[in-house]
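Engineer: structure for the following, please:
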Amino acid sequence: MLVRYGAIRMRWRDGDANMSDPMLLGKIYAVDIDLMTTAYIFPKGHRVRVAVSSAAAPFYNPNHNTGKSEVSNEHQPRLKATNSVHFSREHPSSISIPDVRMTDIPRNQHFSSMIGEEAEMEHSTPQIVV
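Structural biologist: Prediction:
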C-alpha cells in the first residue's frame, strides 16, 4: 500500500525561487523530501518500506535529467540518472516518523467506530527497517 510519495528536483534543491547550480559528478548532496502531512495508523508490529526512484510518472512529470524544463522543451534528449542513498557516519540518512499515542488523537464521531478497541492500544515505538 502506498501511504505517501514525495519528490525533489535537484535543479530546485535550494528552493523554488532560483534554479540551483548544476550538480557536480561525485559530489554528495543532502536533500530533505517532505512527504507533507498525512494521517495513517500503522498496526502494532507493522513495518514500513521506503523506495527511492528516479521517476514517479504519472504522479510527477518525467525528468529528462538535463536541468532544463521538460514542459517547455519536451523533445530534448533523456539522460540516465543514478541515485544513491548514503548510510555512513560521514553521510548519514534518516527517516522521521512521529510516534503518536492513540489517546492523544482527538475523537472524531465519524470515525470512532472504525477505531474501536484500537484506541486502547498501548504506546509503542516504531521500528524503521531500511
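Engineer: what's the distance between A7 and N83?
Structural biologist: Applying CB to CB, to the nearest Å, the value for A7 to N83 is 12 Å. For glycine as for every other residue, the C-beta is placed from the backbone atoms N, C-alpha and C.
Engineer: so for these two, which residue has more residues nearby?
Structural biologist: Comparing A7 with N83 by neighbour count (other CB atoms under 10 Å), the higher total belongs to A7, at 15 against 8.
Engineer: residue contacts, the more buried one?
Structural biologist: By CB atoms under 8 Å, 6 or more residues apart in numbering, the residues touching A7 are I33, A56, F59, Y60.
Engineer: run through who's touching stretch 22-35.
Structural biologist: Stretch 22-35 has contacts (CB under 8 Å, 6+ apart) with R4, Y5, G6, A7, I8, M10, R11, R13, G67, S84, H86, H91.
Engineer: export the residues you listed to JSON lines and tack on pLDDT, distance to T38 and secondary structure?
Structural biologist: JSON lines is the format used below for the contacts of stretch 22-35 (pLDDT from 0 to 100; distance: CB to CB, whole Å; DSSP: H, G, I helix; E, B strand; the rest coil):
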{"residue": "R4", "pLDDT": "82", "distance to T38": "5", "secondary structure": "coil"}
{"residue": "Y5", "pLDDT": "82", "distance to T38": "10", "secondary structure": "coil"}
{"residue": "G6", "pLDDT": "83", "distance to T38": "10", "secondary structure": "coil"}
{"residue": "A7", "pLDDT": "84", "distance to T38": "15", "secondary structure": "coil"}
{"residue": "I8", "pLDDT": "85", "distance to T38": "17", "secondary structure": "coil"}
{"residue": "M10", "pLDDT": "87", "distance to T38": "24", "secondary structure": "helix"}
{"residue": "R11", "pLDDT": "86", "distance to T38": "26", "secondary structure": "helix"}
{"residue": "R13", "pLDDT": "88", "distance to T38": "23", "secondary structure": "coil"}
{"residue": "G67", "pLDDT": "77", "distance to T38": "31", "secondary structure": "coil"}
{"residue": "S84", "pLDDT": "86", "distance to T38": "26", "secondary structure": "coil"}
{"residue": "H86", "pLDDT": "90", "distance to T38": "26", "secondary structure": "coil"}
{"residue": "H91", "pLDDT": "92", "distance to T38": "27", "secondary structure": "coil"}
